[in-house]
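Asker: Sequence first, then the predicted structure:
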Amino acid sequence: MEPKKTLLAAGLILALSLAAYSNSFHAEFQFDDFHQVVTNGYIRSLGNLPKFFTDGSTITQLRGPVGFRPLTTASFALNYYLTGYGVWSYHCLNFLLHFLCAFLVFLVVRAVLDDSGMEDAYTVSLAAALIFALHPIQTGAVTYISSRALLLASFFCLLSFYGFLRYRGGRGRMWIVVAPVSFMLGLLSKEIAVSLLSLMLAYDFLVTVPARGGYTAARRVWVCYVPFIVALGIYLVWRKAVTGLVSPASTGIGAGWYIVSEARAWLLYLRLLVFPMNQNADYFIPVSNGIDAHFIAALLVIIASVAFSFRLRKKSPHAAFFAAWFLLAVLPESTLVPLPDIAVEYRLYLPSAGFIAASVLIISASLKKPAAGRWAVISVVVLLSVLTFNRNAVWATDYTLWNDVAAKSPASARAHLNLGKALVGVERYADAEREFMASLVADPYYPERYLIYADLGLCYFRQGMIDKAIGVLSEVVRTYPRFIEAYTDLGNAYLAAGRYGEAADVLSRAAAADPRSARTRIVLAQTYAKMGRADEAVLQARDALRLAPDEGQRKYAESLLSELEGSRADR
C-alpha cells in the first residue's frame with residue numbers, strides 16, 4: 001500500500017468529515033449524557049481511574065444500573081480533567097474516534113481487496129470509507145456524547161480486525177499480540193466488541209479457507225484464535241467479578257418477543273442505510289406480543305439476504321464477507337439479549353461498515369464505465385455530507401432534539417416527557433405543561449409516569465403555582481417513595497410556601513437516602529437558615545460545595561455559604 005496514497009485518503013476523509021460535522025462541536029449534553037457525564041461525580045477526578053475497573057457503579061450517577069465500560073468512563077474523566085464541562089472537548093474526542101474508525105474502514109477494505117487482486121481496490125476502499133464517514137446514520141453515534149462507548153469499541157474492533165488481516169496475510173507477526181490486546185480494550189469500552197470473533201470466523205470461512213484449498217489444508221489457521229478466546233475469557237471473569245453479571249442485566253422483555261420485535265428494527269435499519277431520511281433519535285416501537293406482518297417481512301428479507309450472500313461467495317467471496325459482516329454485527333443487540341429500546345440508530349455504526357463495503361463492491365462490479373462510478377461516488381458523498389450537516393443541527397439543543405422526536409413519534413410518552421423538560425429549561429411553562437399532559441395521554445401504562453408527574457410539579461413551581469406543585473409532588477412521593485429527586489422538589493416547594501418544618505423533614509429524608517445530592521443540601525441549608533438554625537445551615541452549604549457536580553452549582557453553593565457564614569458572624 002503506497003504511503004502517499006494512504007495519507008491522501010486519510011486527509012480526504014478528515015477534511016470532508018470535518019466539514020460535515022463542523023456544526024456539531026457545541027451541541028449540548030443530551031439524554032444519558034446527564035447521568036453518565038454531567039452529574040457523574042466519579043469522572044471529576046483522575047484519581048478514580050483504578051475504581052472504574054473495579055466498581056461497576058462508577059459508570060453512572062444513577063442508583064441501580066451497574067455496567068462495565070471502564071475505558072469509556074476513563075475517557076470522560078480525561079475530558080473533564082482537560083476542560084471540565086466544556087462540551088466542545090467531548091465532541092472533539094468523539095469526532096476524532098469517528099475519523100479513526102473511518103480511516104480503519106479504508107484500511108480494512110483495502111487489505112481485504114488487496115488479497116483479491118482487484119485492480120481498483122484503492123478507489124473502492126476510499127469510496128466505502130467516505131460513505132461510512134459521511135452517512136447521516138452515524139450522527140447518533142458521533143454527535144451523541146454518550147455513544148462514546150460505541151465509538152471506542154468500534155475503533156478497537158476495527159483495529160483488531162485489521163491486525164488479524166495483516167497477520168493472515170503474513171505482514172507482521174506483532175499483530176498476533178496487538179490484535180488480541182485491542183480486542184480486550186474494545187470489550188472494556190462496550191460489549192459489542194465481541195462481534196470481532198464472528199467477523200474473523202466469517203472471513204476465514206468465506207475467504208481464507210477456500211483460498212488455501214479447503215478445511216484440511218487450512219487447519220492451522222485456527223491457531224491464532226487462541227489469544228482472542230483467552231482475552232474474552234479474562235473479560236467475562238473480570239466482568240462477573242465486578243458486576244456479578246456476565247451479560248447485561250435483564251430488561252424484563254422475553255427473548256422470544258424481543259426477536260419478533262426486532263424484525264421491525266431490521267426493516268428500519270435497511271431503509272435508513274439506503275434512504276437516510278426521516279431519522280429519529282428515539283424511535284417508538286412497542287414490544288410485539290404476537291407474530292405480525294412486520295416479522296414475516298423481515299424474516300423473508302433476512303433469508304433473502306443470507307441466500308444472496310451465500311450465492312455471492314463463489315463469484316465474489318469478499319463482497320459476501322462484507323454482507324455477512326453487516327448481518328453478524330447487527331446480531332449482538334438484536335437477538336437474545338433484550339435491550340430497553342427496540343431500534344436505535346447508533347447500533348448501525350459498526351454493521352454499516354460491512355453493508356456499505358458490500359454495496360460499493362457490488363455496484364462497482366456492475367458498472368462498465370469507471371468514470372460513471374467515480375461521479376456517482378462524488379454525488380453520493382456530497383448528498384450525504386449535506387444530510388449529515390442538517391441532521392447535526394437537530395442535535396444542537398435539548399429542545400431541537402426532542403421537538404423533532406415528538407413530531408415524528410407522537411405516540412411516545414418519553415418523547416413528550418423530554419420535550420416538556422426541554423421547554424421548562426427555556427421557561428416555556430405553558431407549552432411544557434401541555435407536553436406533560438400529552439405524555440400522560442400517550443401511554444397510560446408508561447412505567448416511569450412518576451417522572452412525568454414530578455416534572456409537572458416542577459413546572460407548576462416555576463410558574464409560582466406553589467399549592468398545585470405541593471399537591472402533585474406529595475402524590476409522587478407517596479406513590480413512588482424511592483424517587484428521591486421528588487423529595488427535594490417537594491422540600492423546595494414547602495420552603496417557598498413558608499412551611500419550613502415540613503421542608504426540613506422531607507429534605508432530611510432526601511439527604512439520608514441520597515448523600516451525594518448537592519442540590520438537596522443547598523435547599524436544606526436554605527431551609528435551616530429560614531428556621532434560624534445557622535450552624536446546621538452552614539454545614540449543609542459546605543457539603544453542597546463539596547458535592548457540587550458542575551461549575552454552576554459550585555458557584556451557587558459558594559455564594560450561599562459565604563452569605564450564611566456572613567449572617568452567622570453578624571450575630
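Answerer: Great, that's in hand. Numbering: from 1, shown residues only.

Asker: Now the helix or strand containing A241: buried residues?
Answerer: Assigned by DSSP states H and E, A241 falls within helix 226-243. If you call a residue buried by 16 or more other C-beta atoms under 10 Å, then helix 226-243 has these buried ones: P227, F228, A231, L232, Y235, W238, R239, V242, T243. C-beta coordinates here come from the backbone N, C-alpha and C atoms, glycine included.

Asker: V377 and L130 touch, don't they?
Answerer: Yes. V377 lies in contact with L130 (C-beta atoms under 8 Å); the separation is 7.3 Å.

Asker: more crowded one of these two?
Answerer: L130 (26 against 20; other C-beta atoms under 10 Å).

Asker: Regarding that one, what is its secondary structure?
Answerer: Secondary structure, DSSP: H, G, I helix; E, B strand; the rest coil: L130 is helix.

Asker: Same question for V287.
Answerer: coil.

Asker: Poorly predicted segments of the stretch 51-200 of the chain, please.
Answerer: 63-66, 116-117 (pLDDT under 70).

Asker: quick one, helices of it?
Answerer: For the stretch 51-200 of the chain, the helices defined by DSSP state H, counting those that start in this stretch occupy 70-83, 87-116, 121-134, 139-142, 148-168, 175-187, 195-203.

Asker: Export those helices as CSV, with columns for distance to Y346.
Answerer: What follows is those, written out as CSV (distance: least, C-beta to C-beta, whole Å):
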stretch, distance to Y346
helix 70-83, 13
helix 87-116, 11
helix 121-134, 14
helix 139-142, 4
helix 148-168, 6
helix 175-187, 16
helix 195-203, 14
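
Asker: closest one to L383 among the ones you listed?
Answerer: Closest to L383 of those, according to C-beta to C-beta: helix 121-134, at 9.0 Å.

Asker: mind checking how far the closest one is from the chain centre?
Answerer: Taking C-alpha atoms, centre = their mean, to the nearest Å, the mean C-alpha location of helix 121-134 is offset from the chain mean by 24 Å.

Asker: per-residue confidence at the closest residue to F68 other than its chain neighbours?
Answerer: With C-beta to C-beta, 6 or more residues apart in numbering as the criterion, F68 has its nearest non-adjacent residue at 4.8 Å, and that residue is R239. What the model reports as pLDDT for R239 is 90.

Asker: which residues sit in contact with the residue positioned nearest the centre of the chain?
Answerer: By C-alpha atoms, centre = their mean, the chain has its centre lying nearest to S147, at 2.7 Å. Neighbour list for S147: N94, G140, A141, Y346, Y349 [criterion: C-beta atoms under 8 Å, 6 or more residues apart in numbering].

Asker: I'd like the residues you listed as TSV, with distance to A438 and neighbour count appended.
Answerer: Converted to TSV, the contacts of S147 look like this (distance: C-beta to C-beta, whole Å; neighbours: other C-beta atoms under 10 Å):
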residue	distance to A438	neighbour count
N94	32	26
G140	24	22
A141	29	26
Y346	26	22
Y349	32	24
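
Asker: Closest to N418 out of those?
Answerer: Closest approach to N418 among the contacts of S147 (C-beta to C-beta): G140, at 15.5 Å.

Asker: for the helices of the stretch 51-200 of the chain, which one sits closest to D443?
Answerer: Comparing the helices of the stretch 51-200 of the chain by C-beta to C-beta, helix 139-142 comes nearest, at 23.1 Å.

Asker: Report all helices and strands that that closest one contacts.
Answerer: helix 87-116, helix 148-168, helix 370-394 (3 or more C-beta pairs under 8 Å, 6 or more residues apart in numbering; DSSP states H and E).
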